[in-house]
Each structure stands twice: as C-alpha cells, then as structure tokens.
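Asks: Quick one, fold the following:
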Amino acid sequence: MISYQIYLWVGLMVLGLIDLYLSRYPIFHPIIMVAAAGWFWSELNTGLIVGGFLELIFGIAQLKGNRRLNLVLYAGGLAIYLNQETYNINLILCLTLGLLLALGLQSLMEPLRNLLKWLVLGVFSGAIIILVHLGRDLLGLIPAQFLSQISIAGEVLPWIFFAYAIKGLIERIDNKETVQAIPAILIGSELNMEQYIWGPIAFIILFYLFDIVFRGREFKVLLWIDWVLIVIGIYINLQFFGFIWVFAGLLGLNLLFITRNFAPLEIYLLNFIAGIILSQGGLLY
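Replies: Numbering: from 1, shown residues only. Next up, the predicted model:
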C-alpha cells in the first residue's frame with residue numbers, strides 16, 4: 001500500500017509541476033495528461049473520462065490564457081484518486097471535489113516562489129493522499145438519491161464547451177486559435193468520455209492538422225466545419241433534456257457568464273448546481 005501511495009504522490013507532483021510550467025502547450029492538455037495519469041495508476045478508463053470532461057470545460061480557456069485555475073491537471077489527478085479510494089462512488093462528485101481542492105492549493109501557492117511552491121505542492125499532495133485514505137468512508141454517508149442527481153447533473157457540463165465555442169465562432173477573427181481547436185477538443189473529448197484510447201491521439205492530430213491546413217482563405221471552410229460539428233454535438237446532447245427551453249436557458253446563461261468574464265471554475269460550479277436543481281425538478285434525466 002505504501003509503495004502505491006508513493007506512486008500517487010509522484011503522479012500528483014508531476015501533474016502539478018506541468019500545470020505550473022508547461023500547460024500552455026497542447027501536448028500537456030488534460031485530455032492527454034490526465035489520461036496518462038490514469039494509465040500510470042492503472043485507472044485508464046477513469047483517466048480518459050476525467051480528461052475529456054476537463055478538456056471540454058477548460059480546454060478553450062487554457063488556449064486563450066484565461067485560466068484562473070492553474071492546477072487543472074492536478075485536479076484531474078485528484079479526481080481519479082478520490083474516485084478510486086471511494087470505490088467509484090460518483091465520478092462527477094470526485095471531479096468537483098478535485099477542482100475545489102486544486103483551487104485551495106493554488107491559493108496557498110500563489111504568493112510563494114518556486115522552491116516554496118514545490119514544497120507546498122509536495123506536502124499538500126501527501127496530506128491529501130493520507131486524509132482521503134483515512135476518511136474515504138465518510139462519502140458513503142451521502143444519500144444515494146443525491147448521488148444519482150449529481151450523476152445526472154454531469155450531463156449539463158458539456159454545454160460549457162458549446163458556449164465557449166459559439167462565442168469563439170461569433171467573434172471569429174479575434175479567436176482564430178479557438179476556431180482551429182474546436183474540432184480537436186470536441187471530437188477528442190467525446191472519444192475520451194466514451195473511453196476510447198485513441199481520443200488523446202485524435203486530439204493532437206486534429207489540433208495540428210487544422211492549424212496547418214485551414215489558414216487564409218480556407219479559414220472560412222473551417223468555420224463551416226466547426227458550426228456543423230457544434231450542431232451535431234448539441235443534437236446528441238439534447239437527449240438528456242426533458243424540455244428544449246431548458247437547453248436554451250443553459251446555453252444562454254453560459255454565454256452570459258463567459259461574456260461577463262466569469263472564471264471557468266465559477267462557470268463549472270454554477271452549471272453543477274443548476275444540473276442538480278434541474279434533476280430534482282425532473283427537467284434533466
């Protein structure tokens with residue numbers, strides 16, 4: 001057990017350091033690195049799903065440099081560990097807790113210099129591993145009905161991506177990098193969440209392919225490709241909504257949040273809460 005916890009600690013440290021220094025490069029996006037962490041911890045399927053979710057939510061913001069939560073990969077690693085230690089209690093709950101813990105760690109590290117940041121990262125990671133292992137049974141006290149509503153609420157989260165993508169397509173020239181990345185993020189993340197191992201591979205190939213091919217006059221062709229993919233993605237995700245106006249309301253609210261420059265994590269939490277409320281009201285299933 002101790003040797004496995006050392007593996008966990010090393011993995012979290014690596015993810016945290018990549019977050020701090022290398023995350024601006026596409027190869028280090030969550031869709032790839034969180035899946036790799038899952039493989040490293042013998043939780044590949046969980047890593048693929050978590051990486052896909054994080055890419056949809058934070059991928060475009062990461063490209064644009066508007067992150068505010070810098071420890072996205074670290075949050076993904078925590079989500080995998082929490083889900084494993086709690087015997088797969090609820091992946092969306094573990095992802096949310098991982099994001100909140102990563103935000104807390106980031107607030108501790110922000111005023112510090114490099115060596116102290118590394119020290120805090122190491123101590124925090126070790127403490128989390130120990131505390132989660134000791135207190136994992138506490139999550140078992142959460143009512144099963146509430147856990148079911150959290151799972152259903154997870155169906156709301158992809159709409160964050162659609163709002164970011166639509167805003168990027170409307171602005172076009174000001175968001176060329178977003179327009180070029182939309183196919184890679186959407187297709188790669190969907191493959192990840194279906195637990196296909198080639199999701200990360202598709203992401204990196206499409207990212208660079210669309211960057212190279214669609215420039216100049218071909219940029220208009222890419223806009224049309226993006227719109228078609230978004231319409232297809234929206235159609236597929238509409239199956240989870242009982243009423244079409246619920247979808248329209250969520251999409252409109254997310255566009256408002258993005259326009260008002262809400263942080264991606266704030267948008268995530270607002271959608272998470274909205275999903276639980278809609279589930280309780282029978283508007284999401």
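Asks: Quick one: mean pLDDT for stretch 177-191?
Replies: For stretch 177-191, the per-residue pLDDT values average out at 86.
Asks: err, stretch 266-278, not the other one
Replies: Throughout stretch 266-278, pLDDT has a mean value of 89.
Asks: contacting residues around that stretch?
Replies: Applying Cβ atoms under 8 Å, 6 or more residues apart in numbering, the external contacts of stretch 266-278 come out as 57, 92, 96, 99, 149-150, 152-157, 159-160, 246, 250, 253-254, 257-258, 262, 284. In short, each C-beta sits where N, CA and C put it, glycine included.
Asks: From the residues you listed, which land in helices?
Replies: The members of the contacts of stretch 266-278 that map onto helices under DSSP state H are 57, 92, 96, 99, 149-150, 152-153, 159-160, 246, 250, 253-254, 257-258.
Asks: And the helix or strand harbouring residue 125, what does it pack against?
Replies: For residue 125, the host element (DSSP states H and E) is helix 114-135. Packing partners of helix 114-135 (3 or more Cβ pairs under 8 Å, 6 or more residues apart in numbering; DSSP states H and E): helix 2-21, helix 72-85, helix 91-109.
Asks: weakest of those by average pLDDT?
Replies: helix 2-21 (a mean of 84).
Asks: Report the angle between it and helix 91-109.
Replies: Helix 2-21 and helix 91-109 meet at an angle of 60 degrees, taking axes from the mean of the first three to the mean of the last three Cα atoms, to 10 degrees as the criterion.
Asks: and helix 2-21, how far from the chain's centre?
Replies: Its chain's average C-alpha position is 18 Å from that of helix 2-21, according to Cα atoms, centre = their mean, to the nearest Å.
Asks: Could you identify the helix or strand that succeeds that helix?
Replies: Under the assignment DSSP H and E, the closest C-terminal helix or strand after helix 2-21 is helix 30-40.
Asks: Could I get the CA-only coordinates of that next one as PDB?
Replies: What follows is helix 30-40, C-alpha atoms only, in PDB (Å, rounded to 0.1, in the frame of the first residue of the first chain):
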ATOM      1  CA  PRO A  30      -5.900  17.500 -19.700                       C
ATOM      2  CA  ILE A  31      -7.300  15.200 -22.500                       C
ATOM      3  CA  ILE A  32      -3.800  13.700 -22.800                       C
ATOM      4  CA  MET A  33      -2.100  14.100 -19.400                       C
ATOM      5  CA  VAL A  34      -5.000  13.100 -17.200                       C
ATOM      6  CA  ALA A  35      -5.500  10.000 -19.300                       C
ATOM      7  CA  ALA A  36      -1.800   9.300 -19.000                       C
ATOM      8  CA  ALA A  37      -2.100   9.700 -15.200                       C
ATOM      9  CA  GLY A  38      -5.000   7.200 -15.200                       C
ATOM     10  CA  TRP A  39      -2.900   4.700 -17.100                       C
ATOM     11  CA  PHE A  40       0.000   5.300 -14.700                       C
END
